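**Q** Need a 3D model of the following:
(one chain, ligands or ions: 2)
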Amino acid sequence: MRLSLAEKASLVRPFDYILLKTIYGLRDKSEFVSFNALKKRLDIKDDEELKISLKKLSELKLISKKPTDLSFKLTFSGLDILGIKLLYVNKILNRLAEIIGIGKESLVYYGYDFNDNKIIVKFHRVGTDSYKKVKFRKSQEKKSWLSITVENAKREFEALTCLSNEGGYVPKPLGVEYNAVAMEYIDGIELYKIPVTNMDLNLDEILEKILQTMRIAYTICHITHGDLSPYNVLIDKNGNPYLIDWPQATKSEERLEKDLSNLIIFFRKKGIDVDTRKIFDYVRGVS
Ligand SMILES: Nc1ncnc2c1ncn2[C@@H]1O[C@H](COP(=O)(O)OP(=O)(O)OP(=O)(O)O)[C@@H](O)[C@H]1O
Ligand SMILES: [Mg+2]
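**A** Ligands and ions are numbered 1, 2, ... in the order given. Next comes the predicted model:
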């Protein structure tokens, strides 16, 4: 039987959790930790308890064993569990619900906070895509995938925090733990799905709000989105755009140009008259 992530989380007992945390903490660049290193760190005299827990975590696919020796590493699901537990302890996430999206580098879930409001939990996972793997390996000096993944989550949370504090149109960030970013749930649809015949939506206004957010990003937070497209903008029922998906946010002129070009192409196709020069100057804070 395939267990959901929430079901797996409920099966993880305190000692299993400590073990997961220790495997994460002691990992080397290849992400593995030996049985003996675990035994020593946890100060365990009797091997049995450790063996039982390792077996259980392997069966739940939260850790995997090296084929050649008695070493273990966290899987992405194992990392998800650490994130879920800490979001719970910090009173951000009460209950994880269904998965709503499997992205290239993330799994996105609904969940509920302690007031039963729907929230989003995005679990990052970098390294599952082979093209990106090659690209990342070159730039990251052989850092562990788990470390790169956790850094991405942090980067997304920090971008959302700055933008949200400065009045940008983004989901409000609620917390980040390991690879899990909790944020406000936006009840909306992706910009690219908006029907052409929807007369209630004011595309000029939507573009203006996206540009305001990009300007805040560039001039105050000193970042650009890095992957802006109509797929990463949600439109809520009041017609407000929310820019999502910020893990690759960096300060980059080249990426800013690409982000704005994607926007311009989309809005021109929709019949909106856009002046490229004006838009670039506005976002850069020149005008
Ligand atoms: N705050 C949110 N509120 C509502 N839905 C969201 C929210 N964040 C993400 N989603 C949904 O999850 C999908 C994937 O999220 P996101 O774009 O952040 O991840 P991703 O890994 O880049 O996925 P993809 O590879 O599909 O772009 C979004 O297209 C959207 O449908
Ligand atoms: Mg996306």
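
**Q** so where do the helices sit in the stretch 1-150 of the chain?
**A** Remark: helices of the stretch 1-150 of the chain, listed N- to C-terminal, are 5-11, 14-26, 35-42, 47-59, 76-89, 130-139, 145-165; assignment by DSSP state H, counting those that start in this stretch.

**Q** Of the ones you listed, which stretch is the most buried?
**A** Greatest average neighbour count among the helices of the stretch 1-150 of the chain goes to helix 76-89 (a mean of 22), per mean count of other C-beta atoms under 10 Å. Every C-beta, even on glycine, is put in place using the N, C-alpha and C of the backbone.

**Q** Next, see if that one gets close to ligand 1.
**A** No - looking at helix 76-89 against ligand 1 by C-beta under 6 Å from any ligand atom, there are no contacts, and the closest approach is 12.7 Å.

**Q** Tell me what angle that helix forms with helix 14-26.
**A** With axes from the mean of the first three to the mean of the last three C-alpha atoms, to 10 degrees applied, the angle from helix 76-89 to helix 14-26 works out at 110 degrees.

**Q** hey, C-alpha coordinates of helix 76-89 in PDB?
**A** Taking Å, rounded to 0.1, in the frame of the first residue of the first chain, the C-alpha atoms of helix 76-89 are listed here in PDB:
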ATOM      1  CA  PHE A  76      13.400  13.800  -0.200                       C
ATOM      2  CA  SER A  77      10.400  12.300   1.600                       C
ATOM      3  CA  GLY A  78      12.600  12.000   4.700                       C
ATOM      4  CA  LEU A  79      13.400  15.700   4.400                       C
ATOM      5  CA  ASP A  80       9.700  16.500   3.900                       C
ATOM      6  CA  ILE A  81       9.000  14.800   7.200                       C
ATOM      7  CA  LEU A  82      11.500  16.900   9.100                       C
ATOM      8  CA  GLY A  83       9.900  20.000   7.500                       C
ATOM      9  CA  ILE A  84       6.400  18.900   8.400                       C
ATOM     10  CA  LYS A  85       7.300  18.100  12.000                       C
ATOM     11  CA  LEU A  86       9.000  21.500  12.600                       C
ATOM     12  CA  LEU A  87       6.100  23.500  10.900                       C
ATOM     13  CA  TYR A  88       3.800  21.600  13.300                       C
ATOM     14  CA  VAL A  89       5.900  22.300  16.400                       C
END
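
**Q** That one - what's its average pLDDT?
**A** Per-region confidence: helix 76-89 scores 97 on mean pLDDT.

**Q** elements contacting it?
**A** With contacts defined as 3 or more C-beta pairs under 8 Å, 6 or more residues apart in numbering; DSSP states H and E, the secondary structure elements packing on helix 76-89 are helix 5-11, helix 14-26, strand 118-124, helix 145-165, strand 173-177, strand 180-184.

**Q** can you rerun that using 6 Å?
**A** Applying 3 or more C-beta pairs under 6 Å, 6 or more residues apart in numbering; DSSP states H and E, we find helix 76-89 packed against helix 5-11, helix 14-26, strand 173-177.

**Q** Looking at the stretch 1-150 of the chain, which residue is nearest ligand 1?
**A** Gly103 (2.1 Å; C-beta to the nearest ligand atom).

**Q** now that residue: how far from Arg268?
**A** Separation of Gly103 from Arg268 (C-beta to C-beta, to the nearest Å) stands at 27 Å.

**Q** Appreciated, that's everything.
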